[in-house]
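# sequence first, then the predicted structure, then my questions.
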Amino acid sequence: MSSLNPAQRAAIRYLDGPLLVLAGAGSGKTRVITEKIAYLIDTCGFNPGNLAAITFTNKAAKEMQARVDKLLAGRSTKGLTISTFHSLGVRILREEVKAIGYKPNFSIFDATDCFAVLAEIAGSTDKATVRRLQTLVSNWKNALVTPELARKNAQNETELRAADAFAAYCTTLRAYQAVDFDDLIALPVTLLRDHAAVREKWQNRLRYLLIDEYQDTNAAQYQMLRLLTGARAAFTAVGDDDQAIYGWRGADIANLRELPRDYPNLKLIKLEQNYRSSVRILQAANALIAHNEKLFDKQLWSELGPGEPITVSVCANGEKEAESVVMKLQAHRFQQRGAFGDYAILYRGNFQARALEQFLREQRIPYLVSGGQSFFDKTEIKDLSCYLRLLNNTDDDPAFLRAVSVPRRGVGAATLQALGNYAGQRQRSFFAVLGEHGLAQHVQERQLAPLLEFHDFIERFRQRAAREAPALVLPELLAAIGYEAWLLSQDEPRTARTRWANVVEFVDWLAAKGAEEGKTLSEATQAIALVNMLDRTTPEVDAVRLSTLHAAKGLEFKHVFLIGLEEGILPHREAQIDNRIEEERRLMYVGVTRAQRSLHLSYCEKRRQGRELIPCRSSRFIDELGRADLRFSGGGEPSPPDRSLNAERFAGLKAILNKQAG
DNA sequence: GCACTTTATGTTTTT
DNA sequence: CATAAAGTGC
């Protein structure tokens, strides 16, 4: 435990009660968690099986596991839980399903599946409407609001209709034997709350909890934590209110603010020494975040010297910005004789990566995009997951609909419509009514053959999948449906080849997973829903990292480029109201504090919106960094606030407020 | 009624 | 660029 500072050491050794560690960016918070796990096992004699560390992303969980393994080299960590909130939720659900009337082979719906269910219920094809409803439902679940309560709280006709849709949505999911992401927290909470025996069992099993990124917990996750820790309240929560960037997902900083109230004997330890960034970067970050209403006072400091000045480039438009950033990065790298892997380019939205990728390819600079479209969201992978989901749970209608249509087998929209009506009338799933004798009366005669053939086909593989490992069955299923040929017939040869390569990679991933933990079909299927990026360990590759600001949290880079610093991008156009501006500011803060040695900012004077180039204004956050250490280039300093532009901004704000009132 | 082709269109952030 | 809606041939 050498080279820990006194605050870190205190945080690791404190065991007398609940502990909140306020860990500033780069203050070694992951280190505190991993060292504390080692301390609890080595020095305090905890059984690893009685410890759980909870993170928000798989990436964080994986990294933590690796660091713990290294720290405890040789000693057993068997039974140690290091997982995301959602994975822990699945584990609890799987063990306790019978208490809430689900089968253990339940499906996990992703956002697309849930969207389709809600669209059907609302009878709406308008995307914006359904999306609003989806957010509403998600917010209710995250706040542990039941359909009944939502109905009671409804203020007007619209809210009442939404609450009814919510109720119907829950019923439908239950009929499908399916849960959504929010259920993975909400259901375990109700379970632990309402069943004392279950609660005691889990409290007994998880005797000490460590929670990472505590500021990102939502109400449901906080309740889960309370129920798991119980009266003993043996936990360490580590967080940073300045890095709370998931408010839009229901995360609530109130959980941080109210922790001292809920636990009067809560011990508070602050980590303020930053081991990551040079002084100039840290000063800029401190100046920026000072514009937020602060929850806890915190001043980061560093012993790492002044470092390079922060540069700001003004570019004509998005393409020019991408080009300039790539050129600047090249020049900087030559001058420093550095590696590509020392550089990251960070941005607000995924779409900003495209222009960058183009120039990086042109310059033959290796790069990796993190965030962005997940491997498991690719069409070919979703196709196969749906087959697995259907084999695992034949009540999973969304999976049925996809599997029955890919590849095409002579069953089209009209037939599925008729089948859906029949299934609805019989109160059974699509797959179930395929086996009924009455089927012939409800679909066209010539449709009968392909439908029955599909039913047989699934049934045959289902029996095999019950006995054999999914990774063995899947390749045969692929051959049986002629998937490779289908891909070739659908796409250009080279896209078809990449897609098939993805399929092969997916099968390999499944095999590796299965070998690792002896996964059953239902475990594998559920794991697929939760694991987002294919966990290829690629830190070895020397490549520039492209990442959204959200996905960059928890990472650090020697040199950071932060692009698109314009009003409307960062802060985002739809985040003009006060508390959301604060979250955008924290997002900027996260970006700034990723940098160790140098930080390069850029923004455009004009940006393409649709087919037109719209003039834009530099982000207010640039001004808030303090001018002292900024070096401008490309177009001089940003123009002083211009009245016409302010008027424009005001008009935008008014439009938003009107929309909300109406 | 089904399958495949063309055309428009649009993108906050993620478990 | 990748998906979704509308249009065309069978």
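Cool, the structure landed.

# pick out the residue in chain A sitting closest to DNA strand C.
As assessed by Cβ to the nearest atom of the strand, DNA strand C sits closest to A:Thr379 within chain A, at 4.4 Å. From N, CA and C alone the C-beta is placed, and that goes for glycine too.

# can you tell me the closest non-neighbouring residue to that residue?
A:Arg499 (7.9 Å; Cβ to Cβ, 6 or more residues apart in numbering).

# ok, how many other residues are close to that neighbour?
Number of residues near A:Arg499 (other Cβ atoms under 10 Å) recorded here: 21.

# could I get the contacting residues of it?
A:Arg499 makes contacts with A:Lys378, A:Thr379, A:Glu380, A:Leu487, A:Asp491, as judged by Cβ atoms under 8 Å, 6 or more residues apart in numbering.

# got a ChimeraX select line for the buried ones in those?
Restricted to buried positions by 16 or more other Cβ atoms under 10 Å, the ChimeraX selection for the contacts of A:Arg499 reads:
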select /A:378,380,487
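
# please flag which of the contacts of A:Arg499 sit within strands.
Among the contacts of A:Arg499, no member falls in strands (DSSP state E).

# what about the residue nearest to A:Thr379, which helix or strand?
Assigned by DSSP states H and E, A:Arg499 falls within helix A:493-517.

# mind checking how far that helix is from the chain centre?
How far helix A:493-517 lies from its chain's middle: 22 Å, per Cα atoms, centre = their mean, to the nearest Å.

# quick one: whatever helix or strand comes next after it to helix A:493-517, angle?
Note on helix A:493-517: by DSSP H and E, the next helix or strand toward the C-terminus is helix A:521-530. For helix A:521-530 against helix A:493-517, the angle by axes from the mean of the first three to the mean of the last three Cα atoms, to 10 degrees is 120 degrees.

# what's the average pLDDT for helix A:521-530?
Mean per-residue pLDDT for helix A:521-530: 88.

# and that helix with DNA strand B, contact?
Yes - with Cβ under 7 Å from any atom of the strand as the criterion, DNA strand B is reached by helix A:521-530 at A:Leu530.

# same check on stretch A:385-395?
No - if you take Cβ under 7 Å from any atom of the strand as the test, stretch A:385-395 misses DNA strand B, and the best it gets is 14.3 Å.

# let me see the mean pLDDT of that stretch.
For stretch A:385-395, mean pLDDT is 92.

# that stretch: which residues count as buried?
Buried residues in stretch A:385-395, counted by 16+ other Cβ under 10 Å: A:Ser385, A:Cys386, A:Tyr387, A:Leu388, A:Arg389, A:Leu390, A:Leu391, A:Asn392, A:Asn393, A:Thr394, A:Asp395.

# reformat the residues you listed as CSV; add distance to A:Asp212.
Shown next, in CSV, are the buried residues of stretch A:385-395 (distance: Cβ to Cβ, whole Å):
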residue, distance to A:Asp212
A:Ser385, 28
A:Cys386, 33
A:Tyr387, 35
A:Leu388, 30
A:Arg389, 30
A:Leu390, 35
A:Leu391, 35
A:Asn392, 31
A:Asn393, 32
A:Thr394, 38
A:Asp395, 36
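
# inside helices: which ones of those residues?
Mapping these onto helices (DSSP state H) picks out A:Ser385, A:Cys386, A:Tyr387, A:Leu388, A:Arg389, A:Leu390, A:Leu391, A:Asn392.

# quick one: which of those is nearest to A:His332?
Ranked by distance to A:His332 (Cβ to Cβ), those are led by A:Ser385 at 41.9 Å.

# ok, that closest one touching A:Ala527?
No - judged on Cβ atoms under 8 Å, A:Ser385 makes no contact with A:Ala527 at a distance of 10.6 Å.
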